[in-house]
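Visitor: Below are the sequence and a predicted model; questions follow.
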Amino acid sequence: MGDKATTPVILGGGRTPIGRFLGGLSSLAAPELGGVAIRAAIERSGIAPESVDEVIMGNVVVAGEGQAPARQAAISGGVPETVPAVTVNKVCGSGLKAVMLAAQAVRAGDAHVVVAGGMESMSNVPHYVRGLRSGVKLGDQTLQDGLVLDGLWCTFGNCHMGGHAEYTAAKAGISRTDADEFALRSHRLAIAAMDGCKFQKEVVPVSIETRRGTTVVDSDECPRRDTSLEALGKLRPAFGGDAPDDIEELVVTAGNAPGLNDGAAAVVVASLEFAEAQGIPVRAEISAYAAAGAAPQDLFFAPIAAVKKLMEKEHTDIGDYGLVELNEAFAVQALADMRGLDMDPERVNVHGGAVALGHPIGAS
């Protein structure tokens with residue numbers, strides 16, 4: 001631990017439940033969900049909103065949300081209007097990148113308190129109509145799904161991300177059974193965590209006003225108690241048309257991939273000096289971070305390179321980490337990264353992951 005003024009720590013945080021696509025949270029835009037998470041993070045950290053220096057929020061598909069989504073969320077979350085905010089788009093890494101930027105701001109001495117996180121309402125992404133501005137002179141015009149185009153489609157490979165997931169499975173030697181077993185594990189662990197109230201301290205209930213009164217969403221909507229290997233095995237591959245032609249076994253289904261979801265999460269990142277001066281307990285120190293890129297078709301292997309860079313910075317081995325939270329963009333991606341890093345499965349996603357809980361892309 002270095003200078004306390006530039007040592008980034010986490011004081012607290014909060015998240016909304018993760019809503020099913022067109023489910024309980026679908027009437028709220030991403031900045032509204034982000035505001036709920038920001039307000040909860042500030043209140044649970046015990047800081048004054050006036051002490052916040054900046055808000056950084058990940059948000060992938062911003063079309064139709066209006067200007068400055070992060071600033072909308074910040075003001076909705078009770079942050080003073082004088083506090084700046086910035087929106088980050090690094091697709092599935094947006095929320096984590098926001099936290100990294102917050103830590104960097106503290107390390108650089110540019111901020112003492114930053115609220116960072118991510119938000120997404122996949123239910124509210126609009127469809128696009130091209131050509132109307134210049135005028136459609138004759139014939140039909142096609143609606144384009146903004147969620148697929150801006151959130152789920154690889155521009156470089158011109159295919160759905162599920163196609164790259166199939167490539168990942170083939171390259172890493174992951175079978176359909178492997179993927180389904182991992183998906184079942186994710187659901188069972190998530191259900192056990194919900195039953196054991198493991199998420200109770202992080203989830204903030206969301207109240208939604210309707211014509212019939214107030215509806216409260218207070219738990220994640222996607223984990224399934226009724227799933228089984230037999231049920232998962234009956235699902236057909238979902239991305240065969242986007243997979244490379246030489247794939248022998250199609251692996252990825254709706255059952256071993258996460259759903260489309262709505263949700264938001266935020267944490268308060270502060271300097272250790274600020275925390276001690278305010279008498280606020282520290283939840284964790286952000287000791288290091290790293291990022292890595294890869295060829296577009298190899299994107300799901302990029303976490304392997306990023307973690308190796310992190311371990312090199314920290315002079316650690318994978319066995320030194322008691323718990324690992326690894327995003328489950330697809331079951332095959334999580335398995336490929338776990339195998340590539342020789343992770344102990346018993347230490348990874350012990351309360352389930354995105355395959356069960358959901359994957360609101362900017363907040364993952």
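Guide: It's in. The model shown is predicted, which means the values in this text are computed figures rather than measured ones. Residues are numbered from 1 along each chain as shown.
Visitor: helices and strands around whichever strand or helix holds Ser207, which ones?
Guide: Taking DSSP states H and E as the criterion, the element that holds Ser207 is strand 206-210. Strand 206-210 sits against strand 213-217, with contacts defined as 3 or more Cβ pairs under 8 Å, 6 or more residues apart in numbering; DSSP states H and E. Every C-beta, even on glycine, is put in place using the N, C-alpha and C of the backbone.
Visitor: for the strand it packs on, which positions count as buried?
Guide: Val217 (16 or more other Cβ atoms under 10 Å).
Visitor: Now do it against strand 206-210, angle only.
Guide: 150 degrees (axes from the mean of the first three to the mean of the last three Cα atoms, to 10 degrees).
Visitor: immediately after strand 213-217, which helix or strand?
Guide: Downstream of strand 213-217, the first helix or strand assigned by DSSP H and E is helix 229-233.
Visitor: Check which helices and strands that next one sits against.
Guide: Here helix 229-233 touches helix 176-195, going by 3+ Cβ pairs under 8 Å, 6+ apart.
Visitor: and the helix it packs on, what does it pack onto?
Guide: helix 229-233, helix 331-340, helix 354-357.
Visitor: Quick one, which of the ones you listed gets closest to Leu143.
Guide: The closest of the helices and strands packed on helix 176-195 to Leu143 is helix 354-357. By Cβ to Cβ, the value is 28.0 Å.
Visitor: Convert the closest one to PDB, retaining C-alpha atoms only.
Guide: Output of helix 354-357 as PDB, limited to C-alpha atoms (Å, rounded to 0.1, in the frame of the first residue of the first chain):
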ATOM      1  CA  ALA A 354     -24.200 -14.400 -16.000                       C
ATOM      2  CA  VAL A 355     -25.500 -17.600 -17.600                       C
ATOM      3  CA  ALA A 356     -28.000 -17.800 -14.700                       C
ATOM      4  CA  LEU A 357     -28.200 -14.300 -13.300                       C
END
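Visitor: What's the mean pLDDT across it?
Guide: For helix 354-357, mean pLDDT rounds to 98.
Visitor: Which neighbouring elements make contact with it?
Guide: helix 176-195.
Visitor: Repeat the analysis, applying 10 Å as the threshold.
Guide: helix 176-195, strand 261-271, helix 331-340 (3 or more Cβ pairs under 10 Å, 6 or more residues apart in numbering; DSSP states H and E).
Visitor: Dump the ones you listed to TSV, plus mean neighbour count, distance to Leu229 and mean pLDDT.
Guide: Below are these laid out as TSV (neighbours: other Cβ atoms under 10 Å; distance: least, Cβ to Cβ, whole Å; pLDDT from 0 to 100):
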stretch	mean neighbour count	distance to Leu229	mean pLDDT
helix 176-195	20	6	99
strand 261-271	31	24	99
helix 331-340	25	13	99
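Visitor: circling back to that earlier point, so for Gly35, which of the helices and strands packed on helix 176-195 sits nearest?
Guide: Across these, closest to Gly35 is helix 354-357 (Cβ to Cβ), at 21.2 Å.
Visitor: Just give me how far the closest one sits from the chain centre.
Guide: Per Cα atoms, centre = their mean, to the nearest Å, the displacement of helix 354-357 from the mean C-alpha position of its chain is 11 Å.
Visitor: Only the buried residues of it, if you could.
Guide: Neighbour-count burial for helix 354-357 [16+ other Cβ under 10 Å]: Ala354, Val355, Ala356, Leu357.
Visitor: Stretch 49-68 now?
Guide: 49, 51-62, 65, 68.
Visitor: of all the residues you listed, which two lie farthest apart?
Guide: Using Cβ to Cβ, these span at most 31.4 Å, a distance reached by Ser51 and Val61.
Visitor: Alpha carbons of the worst-scoring helix or strand of the chain on mean pLDDT, in CSV - could you do that?
Guide: Least confident element among the helices and strands of the chain, by mean pLDDT, DSSP states H and E: strand 206-210 (a mean of 93). Taking C-alpha atoms only, strand 206-210 is exported to CSV below (Å, rounded to 0.1, in the frame of the first residue of the first chain):
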residue,chain,number,x,y,z
VAL,A,206,-36.8,-1.1,-7.5
SER,A,207,-40.3,0.4,-7.2
ILE,A,208,-42.2,0.9,-10.4
GLU,A,209,-45.3,3.0,-10.6
THR,A,210,-48.1,1.6,-12.8
